[in-house]
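In: predicted model and sequence below, questions to follow.
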Amino acid sequence: MPRVDLNCDMGESFGRWSLGDDLGMMPYLTSVNIATGYHAGDPPTIRRTVAAAVRQGLAIGAHLAFPDLMGFGRRRMMIPAEDLEDYCLYQLGALQAFVRAAGGRLAHVKPHGALYVMASEDPAVAAAIARAVAKVDASLPLMLLTSAAADAVAAEGVRLVLEAFPDLHYDRTGKLVIEPVKKAWDPELVARRAVRMVLERKVAADDGTELDVDAVSLCLHGDAPNGPEIAEAVHRALTGHGIELAPLAVLLGSSAEGGRR
């Protein structure tokens, strides 16, 4: 039986600013990536999001970012590797405290925005993140877009896992086309793309180029105007095609706690 993790970035509200329908997305997911305060999120938001994820039985990942609240973590920063490692360690510690306080356990790590793109392209950036992960818990898988930094991540004793994005466009080189503000997508189109990513290991780029997909996790976005509707359609389509939904801990045989199927 084909299996896949279904994740979503969340906890990205801050103060009086609210982004995404986290609670509306959670019933359809197996994993969540919770912002740690650098690109979005504040302590009350982190606490509430972690608590809701624990209640739902979801695997919780740390969504690490550059210190860029104003730019939502989407601006590239040239930071010495040692400093980047410290930034990641700081964020991991913050989220881990909230997760433990809620009775859960941290399950994976996923960079956000510009840090995600840079780590997926540059082994030195990925290695700095992986070193921080290894110091906290080397069993935590690191989620990225490509395997370009696989050797660098493995050298730090951390496992690299790849994900794909049914509700984002890809260009012909396989890079993501990020929308400045997330727009509504046709739920059935996203569902068809998700099923194809799992069963055929393919996705069509925005110019029609067929791209290979090698992912164990699919990411959906709760800040789309119809995010929960998309998540429900994807969940229904995947399970309807006999695809089992399971967190990374189950898919990888990890000791990290997962969610429900």
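Out: Great, that's in hand.
In: enumerate the positions of the helix or strand where Leu115 lies that are buried.
Out: Leu115 belongs to helix 113-121 when assigned by DSSP states H and E. Buried residues in helix 113-121, counted by 16 or more other Cβ atoms under 10 Å: Gly113, Ala114, Leu115, Tyr116, Val117, Met118, Ala119, Ser120. All C-beta spots, glycine's among them, are computed from the backbone N, C-alpha and C.
In: any idea how far Ser31 is from the closest residue to the first one other than its chain neighbours?
Out: Translated: Gly113. Nearest in space to Gly113, with sequence neighbours left out and distances taken as Cβ to Cβ, 6 or more residues apart in numbering, is Gly73 at 3.7 Å. According to Cβ to Cβ, to the nearest Å, Gly73 stands 19 Å off from Ser31.
In: Asp137 too?
Out: According to Cβ to Cβ, Asp137 stands 16 Å off from Ser31.
In: between those two, which is the more surrounded one?
Out: Using other Cβ atoms under 10 Å, the more surrounded residue of Asp137 and Ser31 is Ser31, with 28 against 16.
In: just the strands from the chain, written as ranges.
Out: 3-10, 31-35, 59-64, 106-111, 142-144, 160-164, 169-170, 176-177, 202-204, 210-212, 217-221, 244-245 (DSSP state E).
In: contact partners of the lengthiest helix in the chain?
Out: If you go by DSSP state H, the chain has its longest helix at helix 81-101. Residues from elsewhere that reach helix 81-101 (Cβ atoms under 8 Å, 6 or more residues apart in numbering): 34, 36-38, 43, 46-47, 50, 54, 60, 62, 64-67, 79, 105-106, 109, 124-125, 127-129, 131-133, 135-136.
In: equivalent analysis for stretch 6-16, please.
Out: In contact with stretch 6-16 (Cβ under 8 Å, 6+ apart) are residues 19-20, 22, 25-26, 28-35, 39-42, 45-46, 49-50, 61, 63, 69, 110, 112, 143, 163, 217-223, 231, 234-235, 238, 245.
In: kindly report the same for stretch 138-153.
Out: 7, 33, 61, 106-111, 116-117, 119-127, 129-130, 133, 156-163, 174, 176, 214, 217, 248, 252, 254-256.
In: how far does that stretch stretch from one end to the other?
Out: 11 Å (Cα to Cα, to the nearest Å).
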